[in-house]
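Novice: mind looking at a prediction? Sequence and model below.
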Amino acid sequence: MPVSERHEPHIPFPNLPESVTAGHSISGLALRPFGLYESDLEVDFNQPLRPFLVTDILECCTREVQGGAVKSDFFWRLPVGKRIECLLGLAYLETGTDFPFTFRCLNEECGVELEIEISVAEIAAQQEEAYATEWIAVDVENEQWTLRRPTAGDQREWLNRKFADEPSAVKAMVRTLLVDETGKEATGGANLSNLVHAVNQAMDEHDPLVNFSVAIKCSSCGTEYSLEIDLEEISLRQLRRAQTRLLSSVHTLATHYHWSEPKIFSVPYWRRARYLNLIQNEKNQ
């Protein structure tokens, strides 16, 4: 392991279901902060398809405890909810705090600005409880089907497919997640509204970070409602800031010491931080 990596702070990788770890000789995984290395500058936050962006970030930041390489297909096999949990952990490494979320009361007559704090620890506990079972039982029109959680690979496949209309897309997606063949045949005749409601309800319970929501009561008017929060977007916003900070530090070092970018990244990140502190101290004198 390079000297720079030995200095890295890490957090444990989220616990994974057996369906993900099967076939992978992984003795232990950890996540290191984003925004330390040249590879982190290669991540394109402007790419239009989020699954590919998230995969690029996870590939950059995942460490195998025994030093082995983690194959790219591993990240595509991760459930979407677990990938979001990883992003939240990386965002927490960036900020060191829980996330304040500001919004306006949905009551048009009120509209007061409110703020809640998203606790990473509480979300992780909620996720752990939701993943206590490997499969998800769904009751649809007096039948019980067994589903698995959607993975990034499923997202990629759906993005590459063309569907005739929305009902066809929904039923095809559900069939992808069904574990039993009987359920796959039954989706064709199921009422779309009943199907969507049942699957959404089950997924909200067993994969809560994908369509995350919190119960809100306005402190001003007392209105109660459910607020949906895109945890993936919040995390990506924080990680983009980390990339911008890294780019800025490269610019500062290049301007001050006249180093090339390869020279800058040949210096361990923790020493670069010391040089940046020295530069800042000179400016403050």
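Specialist: Yep, it's here.
Novice: the strands in this structure, which residues?
Specialist: 11-12, 29-31, 62-64, 99-104, 113-118, 136-140, 143-147, 213-217, 224-228 (DSSP state E).
Novice: of those strands, which stretch is the most buried?
Specialist: Of all the strands of the chain, strand 29-31 carries the top mean neighbour count, a mean of 20, counting by mean count of other Cβ atoms under 10 Å. To be clear about C-beta, it is placed using only N, CA and C from the backbone, and glycine gets the same treatment.
Novice: sheet partners, orientation included, of that strand?
Specialist: strand 11-12 (antiparallel), strand 62-64 (antiparallel) (DSSP bridges).
Novice: of all the strands of the chain, which lies closest to residue 50?
Specialist: For the strands of the chain, proximity to residue 50 was assessed by Cβ to Cβ; strand 224-228 is nearest, at 16.4 Å.
Novice: what angle do the closest one and strand 213-217 make?
Specialist: Interaxial angle of strand 224-228 relative to strand 213-217 (axes from the mean of the first three to the mean of the last three Cα atoms, to 10 degrees): 150 degrees.
Novice: using PDB, write out every CA atom in strand 224-228.
Specialist: In PDB, the C-alpha atoms belonging to strand 224-228 read as follows (Å, rounded to 0.1, in the frame of the first residue of the first chain):
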ATOM      1  CA  GLU A 224     -48.200  18.100   8.500                       C
ATOM      2  CA  TYR A 225     -47.000  16.400   5.400                       C
ATOM      3  CA  SER A 226     -44.400  13.900   4.000                       C
ATOM      4  CA  LEU A 227     -41.400  15.500   2.400                       C
ATOM      5  CA  GLU A 228     -39.400  13.600  -0.200                       C
END
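Novice: quickly list the domain ranges of this protein.
Specialist: Here the chain is described, according to automatic domain parsing, as comprising the domains 3-96+232-276, 134-206.
Novice: got the strands paired with strand 29-31 as TSV, with mean pLDDT and distance to residue 150 columns?
Specialist: Below are the strands paired with strand 29-31 laid out as TSV (pLDDT from 0 to 100; distance: least, Cβ to Cβ, whole Å):
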stretch	mean pLDDT	distance to residue 150
strand 11-12	88	24
strand 62-64	88	20
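Novice: since that was my last question, I'll sign off now.
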